[in-house]
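Novice: Build me a model from this:
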Amino acid sequence: MEKDIKNIKNINNNTARFFQNRACPYFPCHGNLNPDELNCLFCYCPLYTLGPKCGGKLKYTAKGIKSCEDCDFPHRRENYGKIMARFPELSALARENQSDIDHIKSKYRLDENGRYYIYSGQKKLRIGYTTGTCAALAAAGAARLLLTGHIPESVSIRTPGGLWAEMTPRECYLINNNNINHITARCSIEKDGGDDPDVTTGHWITADVRKTDDINNINNNNILIDGGEGVGRVTKPGLDQPVGAAAINHVPRQMIRDAVERERAMAGYTGGLAVMISVPDGAELAKKTFNPTLGIKGGISILGTTGIVEPMSERAMLDAIGLEIHQAAVMGARDLIFTPGAYGAAFINNNNNIKIPRGTPVVKCANFIGDALDMAIPEGFENILFIGHIGKLIKLAGGIMNTHSRAADCRRELFCAHAAINGADENLCRDLMNAATTEACVDLLDNASLRGPVLDSLFNAIQDYLDRRVNNNINIKTGAVLFSNAHGYLGRTKKAREILLDWERNQKAYAI
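Specialist: Okay, here's the model as predicted:
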């Protein structure tokens, strides 16, 4: 009778802001609260998905699972308003997650073992992960061991490409160094290239993480990242990282920083951390890469823009490009944009100076410039514009229509030749031949006040070879727009300029 009376009293006190279910077998689920004040409205806390930013009293298990068993934040009557005030964050997160899910479902499938794969024709190909992803996973595992004392059974991160990568460490242990204040945690992840292996597949990427008070860099969240054994050092200007720095590119650095920051927040640690990435046999592996030529000495580079390695044979890739081109034509498009990859796509999205017609299809053609153009010609396109990084498209000035480094690489020679015919002296020509990258070549031309005439000469050569590829067909106009990461927009060929002016003149252009 007494229990029934309490239940009736409880029902009468329920409001939109406060609710109790005393009939629940777990009531009261938090014994430290006065049962009369325990709010059951948020039985399942809506802030759980915010991870360590939820504001409650949380902890993480050895498997990295968030536990709220000691938290009574959502059950306190006075916290209703605080929880509701954060629903815009939850809505934004839901929209972002749904966008990622839609993108992933459109590109990848999941097998019975939880691995992502794609189809190339009728062949099932498993995707892999970049050295940057593996380095970030290793850093997360080492940080968790250092800050919690738990050896992780697995570690996971969200890649820039949207996929969650989860791997089991090959090793994870503490290095005492005979000093309790300088304990280092080490974790190694085996590089998995999927069904598109490279020279690093099967080799270990290792991260050492230790606490430190020697750094004070707010921009980097007091997380210092460097390269150790087997990670190359930059010795020439023009690369992603400055001279003297470890060859860990900016995207992997951010991935490592985000992964370590997540572990640090989960552990409730606020001090500085130093991360050292190493590849035990990286020096030997580097001999099989272009690093020695680029001026990266002593090891491999830690790379990756999406964190994902998508396997695809050359024929399958060409078939996929051809299908995209055909689909665009079937939909009635007469204008077409090709870009070699992610850099070109990002440039289009972020550069308001390049205006293209609404709905113009953009096809990633990878290194297959000539093949893509060949497939587009019979589809009836009238304007075909290539937009790409100078490191790729500069090769067109030499008639090279497959821009993969395995096919040909005469970038420095092209810069040197066109600089020479525009008045460059012998010293500049030698410097151009010794430059590590096309970015560095542009810097050298700037120093000699020759950028304008040399790039104009190169653009004319690019236009000439594009015209030859379409057999000087008067019904097809094709050109190229080039940019660099350091210098931004660099220029365009003659017919690229005509295409862009036609689009603006017809008043159908807009900035993406």
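Novice: got the buried residues for stretch 198-215?
Specialist: By neighbour count with 16 or more other CB atoms under 10 Å, stretch 198-215 contains the buried residues Thr200, His203, Trp204, Ile205, Thr206, Ala207, Asp208, Val209, Arg210, Lys211. Any C-beta I mention is one placed from the backbone N, CA and C, and that applies to glycine too.
Novice: Please convert the residues you listed to TSV, extending it with secondary structure, pLDDT and distance to Glu504.
Specialist: Output for the buried residues of stretch 198-215, formatted as TSV (DSSP: H, G, I helix; E, B strand; the rest coil; pLDDT from 0 to 100; distance: CB to CB, whole Å):
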residue	secondary structure	pLDDT	distance to Glu504
Thr200	coil	92	46
His203	coil	96	51
Trp204	strand	97	53
Ile205	strand	97	48
Thr206	strand	98	53
Ala207	strand	98	50
Asp208	strand	97	55
Val209	strand	97	53
Arg210	strand	94	57
Lys211	strand	92	57
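Novice: from the residues you listed, which is closest to Ile65?
Specialist: Val209 (20.9 Å; CB to CB).
Novice: element containing the nearest residue to that closest one once chain neighbours are set aside?
Specialist: Excluding its sequence neighbours, the residue lying closest to Val209 (CB to CB, 6 or more residues apart in numbering) is Ala142, at 4.0 Å. According to DSSP states H and E, Ala142 maps onto helix 131-148.
Novice: Give me the mean pLDDT for that helix.
Specialist: Mean per-residue pLDDT for helix 131-148: 96.
Novice: Past that helix, which element shows up next along the chain?
Specialist: strand 155-158.
Novice: Check the average confidence over that following strand, would you?
Specialist: Strand 155-158 comes out at a mean pLDDT of 90.
Novice: what comes into contact with it?
Specialist: 64, 133, 136-138, 140-141, 144, 164-167, 169, 187, 189, 255, 258-259, 262, 307 (CB atoms under 8 Å, 6 or more residues apart in numbering).
Novice: Using PyMOL, define a selection of the buried residues within those.
Specialist: Selection of buried members from those for PyMOL, criterion 16+ other CB under 10 Å:
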select buried, resi 64+133+136+137+138+140+141+144+165+167+169+187+189+255+258+259+262+307
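Novice: close enough to count as contact, Pro28 and Pro35?
Specialist: Yes. The pair formed by Pro28 and Pro35 meets the contact definition of CB atoms under 8 Å, at 4.5 Å.
Novice: For the two, indicate the residue with more neighbours.
Specialist: Pro28 (18 against 13; other CB atoms under 10 Å).
Novice: show me what contacts that one?
Specialist: Per CB under 8 Å, 6+ apart, neighbours of Pro28: Pro35, Leu38.
Novice: got a pLDDT number for Asp195?
Specialist: 83.
Novice: Pretty sure it sits in a strand.
Specialist: No. Using DSSP: H, G, I helix; E, B strand; the rest coil, the secondary structure at Asp195 is coil, not a strand.
Novice: And it, how close does it get to Ala420?
Specialist: Separation of Asp195 from Ala420 (CB to CB, to the nearest Å): 45 Å.
Novice: likewise Gly244?
Specialist: 31 Å.
Novice: what does Gln20 give?
Specialist: Taking CB to CB, one finds Gln20 at 85 Å from Ala420.
Novice: okay, those two: which has more neighbours?
Specialist: Gln20 (22 against 15).
Novice: Please work out which residues outside the host helix or strand of Cys441 touch it.
Specialist: Here Cys441 sits within helix 438-447, counting by DSSP H and E. With contacts defined as CB under 8 Å, 6+ apart, helix 438-447 is touched by 236-239, 389-391, 394, 411-412, 415, 419, 428, 431-432, 435, 451, 454-455, 484-487, 490.
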